[in-house]
Each structure stands twice: as structure tokens, then as C-alpha cells.
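# would you be able to build a 3D model of this:
(2 chains)
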Amino acid sequence: MNGISRGDINCIQKNIYNRYSNIRIEKIKGKIFIFLCIVATLLGVISLVTLLVYVFWDATAWLNLEFLTNPPSRFPERAGIYPMLVGSIFLIPMVALYSIPLGVGAAIYLEEYARDSLIKRIIEINIANLAGVPSIVYGLLGLGFFVAALGMIHGTLIVGSLTLALRVLPIVIVSSQEAIASVPISHRFASFALGVRKWHMIRTVVLPEAIPGIMTGTILALASAMGETAPLIMIGAATTIFTAPRGILSSFSALPLQIFAWSDFPHREFQHGVAPATIVVLLLILLAMNGLAIFIRLKFSRKEH
Amino acid sequence: MKAFEVMDEKITGTEKTDEVSIILEVKNLDFYYGDHQALKNINMNIKRNRVTAIIGPSGCGKSTILRCINRMNDLIKNTRVEGEILFEGKNIYQKDVDPVQLRRYIGMVFQNPNPFPKSIFENVVYGPKMHGIRNREMLQKICMESLIRAALWDEVKDRLHKSALSLSGGQQQRLCIARAIAVEPEIILMDEPASSLDPIATNRIEDLIFELKSRYTVVIVTHNMQQAARIGDYTAFFLNGELIEYEETDSIFVNPKNEKTADYLRGKFG
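Numbers count the residues shown, from 1 in each chain, chains lettered A, B, ... in the order given. Next comes the predicted model:
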């Protein structure tokens, strides 16, 4: 005990005691924190489950093959969603066709080529903000640009899909940027050190490694576009239509528009049967798309290990 | 690109002569990261088909000089080079030299193994494919030869199409060496290639480097003095961006001329 006085030992003991009591308080705090997190999670899950049960309960009686293949009708028992279903399904590849090349191209430029300058940062902040702009504003933009300025016919599939492509473009860019940035710099250096040109490097190293991330982000963005209503109303898409679109210049309607229209019908059967059944169909499409996104992610991550 | 055309007449099978030719000449080289001068007036000649080891404490500029040789420093922003590096007599910092082309002749192996998340085969033939070889049989031949030369063939020959990430760290690093030699470089630069490996894997890499010098010139940065002593024909000691001493390995370790070198080798700092 050389050099340590009795006072020192008291002091050390006190410290140990204090620390011990702190641990007990910290443990209780930790438990409260976990409890709050669980409550937050449960609130979300419970409200979602309630909603789904409520919708499915109303929908089950109305879901059959005829519902999928009939055109809409004034009479609930004859009403179907065929034209809107076709419209929504047509929209998916068209929006993807416009938004993926533009979005991935912009992301490659921003991540791989653009110098880190004030302009680049301003562009990036703006893209992030654009992702949060209300979708009705994109509807206005589509109406003003494609219909008024370029003279396209309002309410057609091409105008609808171009407008929705603008809507998802910021999300596609941001998620592609994240996927590209997550490719390790050491892989880029390995490629450069072999005497490979930059665009070859991007094509053979960055893109193959980023594609799972790009695809999952893009599919989720497309799924959210499928649920959009306001921009389609703005560009003059019909709420109800009786024939399925035949080509990109046909006028069209989509599932969310029909849900909106039916929820306004006076008959109880529309509000508590036909509209919920349409919601279920829309939800199943979205679920399938999200499932595809998860599948792609799992498939690629398994390949790597 | 006259210098490069000459190099294409590949020197196969080294003639063991007493006179060792110089493949690379560093002349009055200064290097700056922004305002910080990382290399100060470096002059050194790298001999063909020899292993040159560069040692020195962290931050002495040993990795920087390595990255100057294949112009990987071009990829780092806000850097500046002054002076010359002559590769087979031609200054690689001359305006008409394409750094991408240059790196095909001066390969590099990095500190941490960095195979692509592709198959073993695809990793090895990545460079040759990028340089235009499409013939499948040719690529298979290149793959096999490169893996044999990198002393990895026996371990992977039955699973060439499995992911490279399924290999151990030491195997991954030998795969990276195979990938580097698949493009038939003249010089292979190695930046502490064994620092993340266990002693057995390190041993294998060192044996491999010894084998490689019959075909290639190797410049290796290492913070391990014993490693430099074991594999280096020549050893350069860097300190604070300056080349303090550059001699044959035997002479620098047994009889260092400079006091600072002697102190470092005795473990006084670093």
C-alpha cells in the first residue's frame, strides 16, 4: 500500500459505490427506452393491421374474376376494374422506362464525375427537396409542360407516365446515388490500377455492384407512383373509364382514381364493397412489387457471399 | 507512345548478367498534397527484375512515391508533382503520356486484398478482357498461367467459378497479384501487401514475390524491416519525405551509412 493513504482508499470506494448506483439508474433508463420503442412500433403495426382487416373484411365478398374483367358500372354487382387495372399495369413499365435511364444517369454523373463544388451541392440539395414536393405540384408541371407547352393530348397514358416519371425521378436519383456511393473505393482503385478507363470501370465495377441497390430503390419508387392520384387528376386522366387503353396515346384511368371516384358514390355497396375491393387489388400489386424488390436484394447479397 | 511500343517486345526469360539494367529512374521528384510537401527531391533508380523494398515510419512518403510511379496520385484531388520519373527512358509525367495506358505496364497490389465480388476466373481475366481479349480459350489460358504464377492455382483450380470472396485473406491477396500479372505488367508495385495477413499467409506472399522477380520488377512498401531484409534486393529508407539511404539490402542492414538509418533499423523510432 505504498503511496496510497487511507483517504485515497475511501475516495476510491465512494467512486465504486457511485458508479454502481449509476449502473442501476442506467439500466432502468435503458428499459424505459426499449419500452417506448416497442410502443412506437406496435402503434404503427396495430393501425396498419386494423386498416387492412377493415378493408379486407369489406372487400372479400366482391373479389372475384368478374370484378377484375368487368368495366365499371352504376350497379355495384356488375362493377369491375378492368380498364383501370390495365391502365395501372401499363404505367409501371412506362414510368420505369423514362425514370431509370434518367435517374441512374444523373446519379452516375453526380457520384462519379461531378467535382465536389458548390453547384454540385446545390443540385443535390434541390434533388433531395424535390423528392418531398407534393405530388400535385408534379401534376401541374406535367400539365404545363407536356400538355400546354409540348401540345400533347391531356389525359393520355403518355402524359400520365411522363408526369409520374418526373414524380419518382428524385427518389430514383437519390437511391441510385446511395447505391453507387456504397461501392467500395478499393474496387475502383483495383480497376484503375489495371489500366482501365473510367467509364469501363463504372460499367464493369460500379454498376454491377450498385444494381441491386438501384433496383430496390427504383421498384419502391415505382410502387409509390402506382398509388399516386393527384398528379393524374391534374393532367386530366379520367376518374372512370369504360374501355382499357390500347396504346400510349389512349386516354386512361388508374386504380387510385377509381377508388377516389367510388368512395364518393351514394350506394353503400360502393363505399363498403367495391372501393375496398379495388384497394385490395392495388395493395396486392404494390405488395408484389415490394416482394420483387426484396427478392432482388436477397438474391444479389447471397451471390456475394 | 514509342517507349511503350518498345516494351511490347516482352523480355521473356531473364538473362542473368552481372549488369542489371535500370527500368525506372526517379529524378528530382517533389510531391505536394495541397501545401504539404510529402516528397522532397527524391532521386532513385529501380533495377529491372529485382525487388526494391521501401521502408520508413508512417507518414514518411513511402506509399506516396509508390503511387507516383503508376500515377495513381492523379486520382487524388489537390496534389502536385514536380520532377521526372523515367520509365524505360520516357518521362511518365510528360504531357503525351496517358496515365491509363501507363498503369497497364505498371500494376499495383494494395494493402488490403480487394478482389471484385465476381468469380475467381472473372477477377483474373478482368484486365485482359478490358484490354480487348475476348477469345474464351485465350482467357482461360491467361487465367491458368496467372494463377500458377501467383501460386494459387492448386488451391482454386476446382472452383474457378466460385466467388472470390469465398477465399481466405491470404488467398484473396494472391488472387489480386494474379489479377495484376494477368495484364503482363513490367513493374508490380505492392503497398504493404502482407500487412493484413497472418504469418503463414505472409510467408507465402514473400515466397511468391521472390518467384515473381524472374519475370517482373517488384517495388514493395513495407513497415516490416525483417520483411524488407528477407525479400528486398535493394532497400530504400524514407524519412519525412526524404530518401535517406538507398543501397543493396545486405549493405544497408549490415552497415548503414547514415546515422538516421541506423537508428531506425535499431528500432529507436518509428
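# and residue B:42, what does it touch?
Applying CB atoms under 8 Å, 6 or more residues apart in numbering or on different chains to residue B:42 gives the contacts B:26, B:28-30, B:65, B:83, B:242-243. For the C-beta atoms, the positions are set from N, CA and C on the backbone; glycine is no exception.
# repeat that for 6 Å
Residue B:42 makes contact with B:26, B:29, B:243, according to CB atoms under 6 Å, 6 or more residues apart in numbering or on different chains.
# was I right to think the second one contacts residue B:83?
Yes - counting by CB atoms under 6 Å, residue B:29 sits close enough to residue B:83 to count as a contact (3.8 Å).
# what's the helix or strand for whichever residue of the stretch 51-200 of chain A sits closest to chain B?
In the stretch 51-200 of chain A, the residue that lies nearest chain B is residue A:195 (3.1 Å; CB to the nearest CB). Following DSSP states H and E, there is no helix or strand that holds residue A:195.
# quick check: it touching residue B:104?
Yes - with contact defined as CB under 6 Å, residue A:195 reaches residue B:104; the gap is 3.1 Å.
# below-threshold pLDDT in chain B: ranges please.
B:1-19, B:269-270 (pLDDT under 70).
# check which helices and strands the helix of greatest length in chain A is in contact with.
If you go by DSSP state H, chain A has its longest helix at helix A:6-59. Judged by 3 or more CB pairs under 6 Å, 6 or more residues apart in numbering or on different chains; DSSP states H and E, helix A:6-59 is in contact with helix A:275-304.
# give me the buried positions along the helix it packs on.
By 16 or more other CB atoms under 10 Å in any protein chain shown, the buried positions in helix A:275-304 come out as A:275-283, A:285-286, A:289, A:293, A:296, A:300.
# please apply the same query to stretch A:158-174.
Judged by neighbour count using 16+ other CB under 10 Å, the buried positions of stretch A:158-174 are A:158-174.
# quick one, phi/psi of residue B:246?
Main-chain dihedrals, residue B:246, degrees, to the nearest 10: phi -140, psi 110.
# contacts for stretch A:262-279 next, please.
A:55, A:58-59, A:62-63, A:67, A:76, A:79, A:81, A:255, A:258-259.
# tell me the mean pLDDT for stretch A:229-247?
For stretch A:229-247, mean pLDDT is 86.
# what's in contact with that stretch?
Under CB under 6 Å, 6+ apart, the answer for stretch A:229-247 is A:71-72, A:83, A:86-87, A:135-136, A:138-140, A:142-143, A:154-155, A:157, A:159-160, A:163, A:167, A:251-254, A:256-257, A:260-261.
# only whichever of those residues are buried, select them in ChimeraX.
Of those, the buried ones can be selected in ChimeraX as follows, counting by 16+ other CB under 10 Å:
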select /A:71,72,83,86,87,135,138,139,142,143,154,155,157,159,160,163,167,251,252,253,254,256,257,260,261
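# just to revisit the earlier point, backbone dihedrals for the residue of the stretch 51-200 of chain A closest to chain B, please?
phi 80, psi 40.
# give the residue spans of the stretch 201-305 of chain A that score low on pLDDT.
Across the stretch 201-305 of chain A (using pLDDT under 70), the flagged ranges come out as A:302-305.
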